[in-house]
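In: structure, please.
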Amino acid sequence: MRAEHEEEAFRNPRGGDSEWLRGTRITGVLGLFYRPEGRMGEPEAVEFLLSDGQSLLLTCASDWSLHIGPGTWPHLPDWCVPAGQWGFSGLPNLPEPPVGGWTVTRTEERRDEHGNVREAVIRCEGGRFVVLGGDTVAIRFTRGHRGAEAVT
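Out: Residues are numbered from 1 along each chain as shown. Just a heads-up that it's a prediction; the model follows:
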């Protein structure tokens, strides 16, 4: 089921609570790149593919805050204009998902003094995704409890 409105997008709407993603299975993570720039640097957005067919899109606003909302996978977001110059691609610094995907155990949203999300941490069995807002989106995956960088 694809939701028409962001607030209806997920079984458990965010509603200011960063724990709304708990129990969801992530089956893939893709970067959204502006193709004329090639694969240089970081993606403009990151889309988490979920086992129920929905997706989650994290992208930056002009103030470098991180916007978190429903994705449009396999379609590009409306703001990708012209559409022919945008594309999804795998992220080589992330590991392949385990069979069945990663199960989300906890999420955290770190905010600035104005209440804007600057960083999202999605903790899963076996590691965590850290997504940072900025001029572009930065993402990394760390394994285990000590936060050691993942081997890819």
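In: got the phi/psi numbers for the nearest residue to Glu119 once chain neighbours are set aside?
Out: If the residues on either side of it in the chain are set aside, Glu119 comes closest to Arg110, at 4.1 Å by Cβ to Cβ, 6 or more residues apart in numbering. Glycine gets a C-beta too; all of them are placed from N, C-alpha and C. Summarising the backbone geometry of Arg110 under the convention degrees, to the nearest 10, its torsions are phi -100, psi 130.
In: Arg110 and Val130 touch, don't they?
Out: No - look at Arg110 against Val130 with Cβ atoms under 8 Å: they stay out of range, at 9.5 Å.
In: now do the shared contacts for the two.
Out: Glu119, Ala120, Val121 (Cβ atoms under 8 Å, 6 or more residues apart in numbering).
In: in JSON lines, list those residues along with neighbour count and secondary structure.
Out: Listed next are the shared contacts of Arg110 and Val130 as JSON lines, based on neighbours: other Cβ atoms under 10 Å; DSSP: H, G, I helix; E, B strand; the rest coil:
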{"residue": "Glu119", "neighbour count": "17", "secondary structure": "strand"}
{"residue": "Ala120", "neighbour count": "23", "secondary structure": "strand"}
{"residue": "Val121", "neighbour count": "16", "secondary structure": "strand"}
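In: a markdown table for the residues you listed, including distance to Ala61?
Out: Written out in a markdown table, the entries for these read as follows (distance: Cβ to Cβ, whole Å):
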| residue | distance to Ala61 |
| --- | --- |
| Glu119 | 14 |
| Ala120 | 13 |
| Val121 | 19 |
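In: all helices for the chain, in order.
Out: Listed in chain order, the helices found in the chain under DSSP state H amount to none.
In: OK, contacts around the nearest residue to Thr105 once chain neighbours are set aside?
Out: Residue nearest to Thr105 in three dimensions, not counting chain neighbours: Arg123, with 5.1 Å by Cβ to Cβ, 6+ apart. By Cβ under 8 Å, 6+ apart, the contact set of Arg123 is Val104, Thr105, Arg106, Thr107, Glu108.
In: which stretches of this protein aren't confidently modelled?
Out: Under the criterion pLDDT under 70, the flagged ranges of the chain are 1-18, 37-41, 145-152.
In: isn't Cys60 up against Ala138?
Out: No - judged on Cβ under 8 Å, Cys60 makes no contact with Ala138 at a distance of 9.6 Å.
In: between these two, which one's more packed in?
Out: A side-by-side neighbour count of Cys60 and Ala138, using other Cβ atoms under 10 Å, places Cys60 first with 21 against 17.
In: that'll do, ta.
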